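A.B. asks: Here is the input, now give the coordinates:
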Amino acid sequence: MREPVSELRPRYDELSEASGLYVDPGAAALRTSPLQQFWREHLLAQSMIDNGLYNEGYFVTIAPTLNYHVQEAAEMYRMHLRDPVRRQGSVRQSHA
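C.D. replies: Residues are numbered from 1 along each chain as shown. This next block holds a predicted model:
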């Protein structure tokens with residue numbers, strides 16, 4: 001959750017826009033800590049569905065309740081997601 005900002009390939013911007021997952025696919029916050037790891041992994045999951053490798057998938061974050069770094073990052077990330085994402089074959093988010 002505290003990795004340094006990495007130089008991202010332009011393909012990430014293309015995937016972010018095409019995924020339909022985000023309120024603002026170009027948001028700078030998605031590209032920096034602590035959200036960049038969630039963003040990249042979620043784009044990977046969605047791109048596997050979009051490319052026909054899988055019919056459906058789940059993007060899941062599992063962390064101990066007392067790991068407040070992950071809990072806060074997950075909540076911040078969730079605020080960037082379109083709610084609800086209701087596209088056929090989309091990765092679903094659980095708020096449980």
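A.B. asks: Could you count how many residues lie near residue 24?
C.D. replies: 11 (other C-beta atoms under 10 Å). Placement of C-beta: from N, CA and C, glycine included.
A.B. asks: now the strands: where do they sit in this structure?
C.D. replies: 57-58, 91-92 (DSSP state E).
A.B. asks: quick one: the closest residue to residue 61 other than its chain neighbours from residue 46, how far?
C.D. replies: The shortest distance from residue 61 to any non-neighbouring residue, by C-beta to C-beta, 6 or more residues apart in numbering, is to residue 74 (5.1 Å). Applying C-beta to C-beta, to the nearest Å, the value for residue 74 to residue 46 is 17 Å.
A.B. asks: quick one: stretch 69-83 to chain centroid distance?
C.D. replies: Relative to its chain's centre, stretch 69-83 lies at 9 Å (C-alpha atoms, centre = their mean, to the nearest Å).
A.B. asks: What are the buried residues along stretch 16-35?
C.D. replies: For stretch 16-35, burial by neighbour count (16 or more other C-beta atoms under 10 Å) applies to 16, 19, 21, 22, 25, 30, 31, 34, 35.
A.B. asks: CA-only coordinates of it in CSV, if you can.
C.D. replies: Taking Å, rounded to 0.1, in the frame of the first residue of the first chain, the C-alpha atoms of stretch 16-35 are listed here in CSV:
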residue,chain,number,x,y,z
SER,A,16,-9.0,2.5,-17.3
GLU,A,17,-11.2,4.4,-19.8
ALA,A,18,-12.4,1.2,-21.6
SER,A,19,-13.1,-0.7,-18.4
GLY,A,20,-16.2,1.3,-17.5
LEU,A,21,-15.3,0.7,-13.8
TYR,A,22,-14.5,4.2,-12.7
VAL,A,23,-16.4,7.4,-12.1
ASP,A,24,-13.3,9.3,-13.4
PRO,A,25,-11.0,6.8,-15.2
GLY,A,26,-8.3,9.5,-15.5
ALA,A,27,-8.2,10.3,-11.7
ALA,A,28,-4.7,10.9,-10.5
ALA,A,29,-5.5,9.3,-7.2
LEU,A,30,-5.9,5.9,-8.9
ARG,A,31,-2.3,6.1,-10.1
THR,A,32,-0.6,6.8,-6.8
SER,A,33,-0.4,5.0,-3.4
PRO,A,34,-2.3,3.6,-1.8
LEU,A,35,-4.8,3.1,-4.7
